[in-house]
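In: here is the input, now give the coordinates:
(chains A and B)
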Amino acid sequence: MTDVQIKNGAPEPRGFTGKLNAMSKPGRWAAITALVALFYLMPLGWFADPPGFYNPLVTFSSDFGTVLFDAAIFVLLAIGLNVVVGFAGLLDLGYFGFFAVGAYAMALLTSPASKLITDYHWLDSPWPWLAALPVAIVITALTGVLLGWPTLRLRGDYLAIVTLGFAEMIRVIAVQSEWVLGGDRGISAIPHPPGEIGGEPIFGFVDPKPYYWLVLTVIIVVVFGVRNLARSRVGRAWVSIREDEDAAELMGVPTFKFKLWAFAIGATIGGLSGALWASKVNFMNSTTFSLENSILVLAAVILGGAGSIPGAILGGFLVAYVPEWLRGLGGFLGLDINTTEYRYLIFGLVLIVMMIFRPQGIWPNRRREAEIKDRQKEVAVGE
Amino acid sequence: MLLEIDNVTLHYGRIKALHGISIHVNEGEVVALIGANGAGKSTTMRAISGLRAISSGAIRFQGEDISKVRADLRVVKGICQSPEGRGVFPGMTVKENLEMGAYMRRDNAAIAEDMERVFTLFPRLKERIKQAGGTLSGGEQQMLAVGRALMGRPKLLLLDEPSMGLAPMLIQQIFNIITEINQQGTTVLVVEQNAQQALSRAHRAYVLETGNIVKEGSGADLLHDPAVKAAYLGVA
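Out: Down below sits the predicted model:
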């Protein structure tokens, strides 16, 4: 072949990703390493409150470490949903349902207050954390397959409605099934992850930092996995399904199989984040799993740029962090604004503005950009 | 007989789109299927490629009944289609689109050869190799769709409206290439509204009207058939 020098139709360096790609390989890795190191250092005291000057990024009225942990959980969720919505192009409005499944599975298996132990004696004693985590993840993945099997034959709007119903179903089950999930009385005494340093447990009740670092580490591992998948044959199949499902099938892509894979992988990541979250909060009940959360994760993915991993990370972080930061700012200025109350309004407005002026998201995926342009062209000619 | 459509009916919900049509394609032929808008041409294509399940009848490929075989597996068997409206992947480059055409193949050396062959047929695509599919002109997209179908090394190439939306010059060019592809040994079934071009290039042809085959014959015969002339060629 004469065109060996053209690799995957390399794009012109453009935007953040373009600039990053245009760097030399060691330069790129140095930049990424520095960024990751910064993320690890963020919750430390001297970063949050540097001597001598004032760090405007720190949240005033909420504990910065806790905000970072919540943001990290949202980032993990956004990365997972990005596989479903961004890569495979399947509109999933009920993604938070998988978070709930992972969290409940973890709680039921590890908590000594779990009704599986106290009432039904299915388990003799709580499972160790490390044994329960993979089981909780597998249960969530199976839930994903179970939901995907009948529904992934549907397309577009129909799939969106069914997934919406799924999240609502999980919530209603959580509220109603007091006999095992505890309804709004919930499940308490969910154990923390194991490990101690000098006799002190690493993961305690007070300090959120270790939890943040744990989730951050998980994010890094997941990003590597997801990135490699996206660049493989599987990733190429997802792109083709997203861009034109009929055409994909005419290329010999087993579309149903790959859609199911996307669903299962997304569910796995959602379950993982739920399980990690459950083992920090110690207590959970049915009120956590409201529909807004599903919408918020979707907003994060679209805001960041569907189909782009850095976009999902950025979107997930912004969606969780900005309201807390604004709340602190309001307090600082002497205004008593509860921004968590307004955040749906704010994100709604931001999303509308984004869809008009930058539909591809803040940190878009190159392909996705071309797809959106193509779709706009179609609308313009009235196809 | 390479492909045999045997008394096939197909429904969209309760609407019957194909009323028991029978078509066959012999190895080495170019067969045209002409008809007006809504006659069921594209539906026939979807039935052959497996995008749409048939209600009754049989579709046989190389003697084997494939009517229950999944669409992606029909591609593996050697039925490749350039879909209606081209179906080019807009976010993929020309090269990536062509690679998708060879998605189910693993013989990388032969894939590279086939890509060169496509570039010989469509030099224009080589000039555009790094460009996103969605940014190509209509004619270029059509070339890409045909080239992409060729990347699957089809035994049977299905072309759905290859002339749609193209200028007369380009239509001529596309049909020249179809003839060339056929002469290189690929069997072609082409669906067309442009009856003039399709009939003059085809060995045999069928006329489809509201889900029924109303006429069949050699391309040349149908080209001179008074009824066909009146209905599809715009001459009284």
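In: quote the end-to-end distance of stretch B:25-43.
Out: Using CA to CA, to the nearest Å, the end-to-end distance of stretch B:25-43 comes out at 17 Å.
In: how about the residues of chain B near chain A?
Out: By CB under 8 Å from any CB of the partner chain, the residues of chain B that approach chain A are B:49-51, B:70-73, B:75-76, B:80-81, B:83, B:87-96, B:99-101, B:103-104, B:112, B:115-116, B:129-135, B:148-149, B:152. C-beta here means a position set from N, CA and C on the backbone, and glycine is covered the same way.
In: and the contacts of the longest helix along chain B?
Out: Using DSSP state H to assign secondary structure, the helix with the most residues in chain B is helix B:168-183. Contact with helix B:168-183 is made by B:28-30, B:121-122, B:139, B:142-143, B:146, B:150, B:157, B:159, B:162-163, B:166, B:188, B:190, B:194, B:197-198, B:201, as judged by CB atoms under 8 Å, 6 or more residues apart in numbering or on different chains.
In: list the buried residues of that helix.
Out: Residues of helix B:168-183 classed as buried: B:170-171, B:173-175, B:177-178, B:181-182 (neighbour count, 16 or more other CB atoms under 10 Å in any protein chain shown).
In: can you name the two of those residues that are farthest apart?
Out: Pairwise distances among those were taken by CB to CB; the largest, 18.7 Å, belongs to B:170 and B:182.
In: buried subset of the contacts of helix B:168-183, written for PyMOL?
Out: The PyMOL selection below is limited to those of the contacts of helix B:168-183 classed as buried (16+ other CB under 10 Å):
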select buried, chain B and resi 29+30+121+122+139+142+143+146+150+157+159+162+163+166+188+190+194+197+198+201
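In: next step: the contacts of helix B:168-183 restricted to helices.
Out: Those of those lying in helices (DSSP H): B:121, B:139, B:142-143, B:146, B:150, B:197-198, B:201.
In: turn those into JSON lines, including distance to residue A:203 and pLDDT.
Out: Below are the ones in helices among the contacts of helix B:168-183 laid out as JSON lines (distance: CB to CB, whole Å; pLDDT from 0 to 100):
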{"residue": "B:121", "distance to residue A:203": "63", "pLDDT": "91"}
{"residue": "B:139", "distance to residue A:203": "63", "pLDDT": "89"}
{"residue": "B:142", "distance to residue A:203": "61", "pLDDT": "92"}
{"residue": "B:143", "distance to residue A:203": "60", "pLDDT": "92"}
{"residue": "B:146", "distance to residue A:203": "60", "pLDDT": "94"}
{"residue": "B:150", "distance to residue A:203": "59", "pLDDT": "94"}
{"residue": "B:197", "distance to residue A:203": "73", "pLDDT": "89"}
{"residue": "B:198", "distance to residue A:203": "72", "pLDDT": "91"}
{"residue": "B:201", "distance to residue A:203": "73", "pLDDT": "92"}
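In: the residue lying closest to residue B:227 once chain neighbours are set aside sits in which helix or strand?
Out: The shortest distance from residue B:227 to any non-neighbouring residue, by CB to CB, 6 or more residues apart in numbering or on different chains, is to residue B:215 (7.4 Å). Using DSSP states H and E, residue B:215 falls within strand B:212-218.
In: what's that strand packed up against?
Out: Identification of packing neighbours for strand B:212-218 by 3 or more CB pairs under 8 Å, 6 or more residues apart in numbering or on different chains; DSSP states H and E yields strand B:15-25, strand B:204-209.
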